[in-house]
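Chemist: This is the structure alone, sequence omitted:
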């Protein structure tokens, strides 16, 4: 088990922004696309919530997290790819844990495991989805089985 | 307190259909409109559920209840007003309670109360929303207060 | 195509407030009513999100956007019309695009189209729902067809 | 590892009913209560879905699964404890896997593990939540850690 | 009707924090547990919202409200009991109404009623769920009936 | 504009099954994966709904549509890839419209448009998402703009 990525240290990030947009005049197809574009442009996270809007409209609340520096580009994409004419946002703080990546060997090959560390103690170990998925597809075995195999080694 | 509507007897209705349509390429604005049209055309109920569809699309599941006889007209409206090319449905049974309507006097005038009756026993009394709303708006008082006033009289 | 409304200029509004209330002891009927009241009193937006609360309670998160000046009146309505005993809020910024309204002629009459403009460029054109709905109802044609007719003209 | 419960054999159950009720005039508090009552009375499952109903009402769709024999009692509870005047239902088939319960020893004591078996093969092993929770609370350790300890033993 | 608890005065609390965590790699079982733990540790409120995350993942947004002082302990529990490696938060203001508790007598015994008071005026009276539930269970009567009995006395 | 695919005729399909599974002990990561697997194996549709389950658990209702013939394979995948020990299902009818595919030329190349036809009349024309997305990505233009260009040609 050797580290694959350099460790990311625990820190408090005061430079983050939450951006929100309410959408009731756009289709789900476009929303699937805009999520991809926002991630590609560097959004830290993007997610949708179903909301109930006026006039019996099932709408969607788009929320995204980004750094202050990335805000202008995020706005640009939201204007281009959605139907909104108003974008709201507010600052927030993110406490990020130290992340370390180790490798675990399974019968089908190595799997990266992301560890969360606080005060030098590992409190969290998560097999990386992409690795497990690749094994499941290549070997034709259930994803569940790949995860379980990794958990047994931890 | 005198009945305003003729009572509807308790019965089992085996002639009902649930219709379902998945929608991921339509906006919330149109969905607000189609709900109105379906009710006007005689749907017994229409409601939306948020669903997660492929390719990260937040979609909407439209469900409606109607009689077998009304099915063709409901299909017609769904084709005209939504973007679906496939409409699915299945039969279901509805057990409807006896409904009786009484009037309760409040300081602001009478309010209809819908009663649910089973085996001759009143198990449910609900102030009619439309009456309470009209009083709240006319007299500039909270809707909550109108309901509470009716409940005290029951 | 001539403008119907004076244009609203693009600006950053730092005077906005998001208000939130969690509700698990109120019925959907009342929530439909309070949304109307909040809009009438000048809320910029009001919407509901389904939430999971303690003790298996399906609750509702009411969110509303308003200016700082409108906050006292919004609080007043929330106390009168909902069951909450605590109202929370925080400031946020809204970046509003320039809005221009043009008219497009269809076979059934004119439809207002709202345009979003940034740096002098039109990046968004949306037919106004109210106009399209009025035509659909008056002429007995699908709403979808009205929108499509407008889009072809743009 | 010895069995704690007699095994339940794999079978197709054609005697099941799905019951549905739409609710827009009841509070979340009551819905938490009725879920408990329905489970106590023998419902196989009970769950809620947020739905969008007419007049901007955030409503709740109650769904429950029960045997044909249990239907009358479920209806009775729904009439007593909710505000519905109409209960709809339809038959469905349930394919149940064979269930076997084994015990796994952890540092804090034994935990029951529910196994799913099909054609004699174990395809699923789930630590029982109640056992893991009891250990977590008694020993003041994270629930996550208890599960992980069980997974390692499987 | 005599007060059971000392009254809580109306006040504006500027010392509150909203904490948010997005979760897509944790099961609902664990989320039920962590809600309990957070409440026990003094969270003012904890609730979940369904969210749509990347790669077609139905996720959950955990939101909790706590005082600034409680933030470190809340973070500690979130790290121990969930799978998150990042916790975000922002300050908010809570306007709390004066709360008074009175007792109302019913045929089955006393029920506490929580009153909301603003400027000396009672604008809200809610029967306490725990009391009503205890009566419903002890006497085998519908919860609905207990509430209605209290409402009539108010 | 020439047809790209052979037309699919309007018909009523009585050979369809809706399959449902409730899940409260599985993570969103796995659910993203199982959706892909079910589609690859021939499911006509797969979608998730957020549900509220016992013990404060935010769960997920998986629904899938498939033909009677595909049911065994769908069950197999659900057992392998999810944590369920019980799979429920019921028959339903699907009314499918006639589908015709035409090509529309845009400045960036051709786009397939799916048409819905009933009684020989085109009531629906939808640009294919995959084509529009490919153009948007290749030419670096907003997806919205590609759709609008297609709509103008229709």
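Modeler: That came through, no problem. Note that the structure is predicted; figures quoted are calculated from it, not measured.
Chemist: In chain A, where's the longest strand?
Modeler: strand A:11-23 (DSSP state E).
Chemist: Please identify the buried residues of that strand?
Modeler: By neighbour count on 16 or more other CB atoms under 10 Å in any protein chain shown, the buried set for strand A:11-23 is A:16-23. C-beta: built from backbone N, CA, C; applies to glycine.
Chemist: near chain B, from those?
Modeler: By CB under 8 Å from any CB of the partner chain, the members of these lying near chain B are residue A:23.
Chemist: So, low pLDDT: which residues of chain A?
Modeler: A:1-7 (pLDDT under 70).
Chemist: Contact residues of it facing chain E?
Modeler: A:16, A:18, A:35, A:39, A:45-50, A:65, A:90-97, A:99, A:114, A:116, A:118, A:123-124, A:126, A:129.
Chemist: Just the buried subset of the residues you listed, please.
Modeler: Among these, those buried by neighbour count (16+ other CB under 10 Å) are A:16, A:18, A:35, A:45-50, A:65, A:90, A:92-97, A:99, A:114, A:116, A:118, A:123-124, A:126, A:129.
Chemist: Nearest spatial neighbour of the residue of chain A most remote from its centre, chain-adjacent residues omitted?
Modeler: The centre of chain A is farthest from one residue, residue A:55, which by CA atoms, centre = their mean lies 32.6 Å away. Of all residues not flanking residue A:55 in the chain, residue B:32 sits nearest, at 4.4 Å (CB to CB, 6 or more residues apart in numbering or on different chains).
Chemist: before we move on, what about residue A:53?
Modeler: residue A:59 (4.1 Å).
Chemist: what's the single longest helix in chain A?
Modeler: Of all the segments of type helix in chain A, defined by DSSP state H, the longest one is helix A:28-40.
Chemist: what helices or strands is whichever helix or strand comes after that helix leaning on?
Modeler: Next in sequence after helix A:28-40, counting helices and strands by DSSP states H and E, comes strand A:45-53. Counting contacts by 3 or more CB pairs under 8 Å, 6 or more residues apart in numbering or on different chains; DSSP states H and E, strand A:45-53 packs against helix A:28-40, strand A:57-67, strand C:45-53, strand E:45-53, strand E:57-67.
Chemist: just how off-centre is strand A:45-53 within its chain?
Modeler: From the chain centre to the centre of strand A:45-53 is a distance of 15 Å (CA atoms, centre = their mean, to the nearest Å).
Chemist: tilt between that strand and strand D:45-53?
Modeler: 70 degrees (axes from the mean of the first three to the mean of the last three CA atoms, to 10 degrees).
Chemist: which other residues reach strand A:45-53?
Modeler: Around strand A:45-53, the neighbours that count as contacts under CB atoms under 8 Å, 6 or more residues apart in numbering or on different chains are A:22, A:24, A:31, A:35, A:38-39, A:58-65, B:28, B:50, B:58, C:47-50, D:50, D:52, D:56, D:58, E:22, E:49-54, E:59, E:61.
Chemist: In three-state terms, label the residue of chain A found nearest chain D for me.
Modeler: Here chain A gets closest to chain D at one residue, residue A:151, 4.4 Å apart by CB to the nearest CB. What DSSP: H, G, I helix; E, B strand; the rest coil gives for residue A:151 is helix.
Chemist: Distance check, it against chain C.
Modeler: 27 Å (CB to the nearest CB, to the nearest Å).
Chemist: Tell me how many other residues crowd the closest residue to that residue other than its chain neighbours.
Modeler: Leaving aside its chain neighbours, residue A:151 sits nearest to residue D:151 (4.4 Å; criterion: CB to CB, 6+ apart). By the measure other CB atoms under 10 Å in any protein chain shown, the count of residues near residue D:151 is 18.
Chemist: Next: residue A:72.
Modeler: Residue A:72 is flanked by 9 other residues according to other CB under 10 Å.
Chemist: okay, the angle between the helix or strand where it lies and strand A:11-23?
Modeler: Assigned by DSSP H and E, residue A:72 belongs to helix A:71-81. Relative orientation of helix A:71-81 and strand A:11-23, computed by the same axes, to 10 degrees: 20 degrees.
Chemist: Is helix A:71-81 positioned near chain B?
Modeler: No - when contact is scored as CB under 8 Å from any CB, no part of helix A:71-81 falls within range of chain B; the minimum is 13.3 Å.
Chemist: Establish whether that helix and chain F are in contact.
Modeler: Yes - applying CB under 8 Å from any CB, one finds helix A:71-81 in contact with chain F at A:80-81.
Chemist: Only the buried residues of that helix, if you could.
Modeler: Result for helix A:71-81 [16+ other CB under 10 Å]: buried residues A:71, A:74-75, A:77-81.
Chemist: Show residues contacting it.
Modeler: For helix A:71-81, contacts defined as CB under 8 Å, 6+ apart pick out A:17, A:19, A:21, A:30, A:33-34, A:37-38, A:41-43, A:62, A:64, A:66, A:84, A:87, A:89, C:95, C:97, C:116, C:118, C:123-124, F:142-144.
Chemist: next one: stretch A:139-154
Modeler: A:104-108, A:111, A:113, A:125, A:127, A:132-133, A:135-136, D:123-125, D:148, D:151-152, D:154, F:30, F:33-34, F:80-83.
Chemist: can you give me the offset of it from its chain's centre?
Modeler: Here the centre of stretch A:139-154 is set off from its chain's centre by 22 Å, with CA atoms, centre = their mean.
Chemist: Next, the buried residues of that stretch.
Modeler: For stretch A:139-154, by 16+ other CB under 10 Å, it's A:142-151, A:154.
Chemist: Filter those down to the ones in strands?
Modeler: Per DSSP E, the buried residues of stretch A:139-154 never map to strands.
Chemist: now, which of those sits nearest residue B:8?
Modeler: The nearest member of those to residue B:8, counting by CB to CB, is residue A:144 at 51.2 Å.
Chemist: for the residue nearest to the spatial centre of chain A, which residues make a bridge with it?
Modeler: In chain A, the residue lying closest to the centroid (CA atoms, centre = their mean) is residue A:45, at 4.8 Å. Residue A:45 has these beta-bridge partners by DSSP bridges: residue A:65.
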